[in-house]
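>>> have a look at this prediction, sequence included:
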Amino acid sequence: QVQLVESGGGLVQAGDSLRLSCAASGLTFSSRALGWFRQAPGKEREFVAGISWTGGSKYYADSVKGRFTISRDNAKKTVDLQMSGLGPEDTAVYYCAATGSLYSTTSWRVDAMTYWGKGTLVTVSS
């Protein structure tokens, strides 16, 4: 059974930093592209950051570029999202996701990801 479990969310103030982590089990972790997505209240789920299965390529939404950093640890089967310079606009439930295909690239569209965690809430107060 595939499981992606996010952790690290919480309530922070504007300008603070936060590190999210996603632990995976039940899937071939090192061969999949992994991503972080978020969904704010009343909005659609959106791409935040992604990392290729090799770890050599990283992708970011324009809104987080320069503030967020994605990383993966294949030995621990974790993918992290380091967030800094947080603002109220970053308030959302954050989800990690993995592709269904191995050794593949992805468009980072929500419907391109196969496996999802249940999310962790990040709330940024102004």
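Okay, I see it. Computed from a predicted model, the values in this text were never measured in an experiment. Numbering: from 1, shown residues only.

>>> show me what contacts the closest residue to residue 45 other than its chain neighbours?
The shortest distance from residue 45 to any residue other than its chain neighbours is 4.2 Å, reached at residue 39 (CB to CB, 6 or more residues apart in numbering). Using the backbone N, CA and C atoms, a C-beta is placed for each residue, glycine as well. By CB atoms under 8 Å, 6 or more residues apart in numbering, the residues touching residue 39 are 45-46, 92-93, 95, 119.

>>> switch the cut-off to 7 Å
45, 92-93 (CB atoms under 7 Å, 6 or more residues apart in numbering).

>>> likewise for residue 108?
35, 47, 50, 59.

>>> gap between the spatially closest residue to the second one that is not a sequence neighbour and residue 15?
Spelled out, that is residue 47. Sequence neighbours aside, residue 108 is the residue nearest to residue 47 in space, at 4.7 Å (criterion: CB to CB, 6+ apart). According to CB to CB, to the nearest Å, residue 108 stands 28 Å off from residue 15.

>>> cool, residue 87 as well?
For residue 87 relative to residue 15 (CB to CB), the value is 8 Å.

>>> name the helix or strand for the residue nearest to the spatial centre of the chain, please.
The centroid of the chain falls nearest to residue 36 when counting by CA atoms, centre = their mean (1.8 Å). Using DSSP states H and E, residue 36 falls within strand 34-39.

>>> partners of that strand in the sheet?
strand 46-51 (antiparallel), strand 92-98 (antiparallel) (DSSP bridges).

>>> how about the CA coordinates for the longest one, as CSV?
In other words, strand 92-98. Extracted as CSV, the C-alpha positions of strand 92-98 are listed here (Å, rounded to 0.1, in the frame of the first residue of the first chain):
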residue,chain,number,x,y,z
ALA,A,92,-2.8,26.5,2.3
VAL,A,93,-2.9,22.8,2.7
TYR,A,94,0.4,21.4,1.3
TYR,A,95,0.4,18.0,-0.4
CYS,A,96,3.3,15.9,-1.6
ALA,A,97,2.8,13.8,-4.7
ALA,A,98,4.6,11.2,-6.8
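
>>> which residues are contacting that strand?
4, 6, 9, 20, 22, 24, 27, 32, 34-40, 79, 113-117, 119-122.
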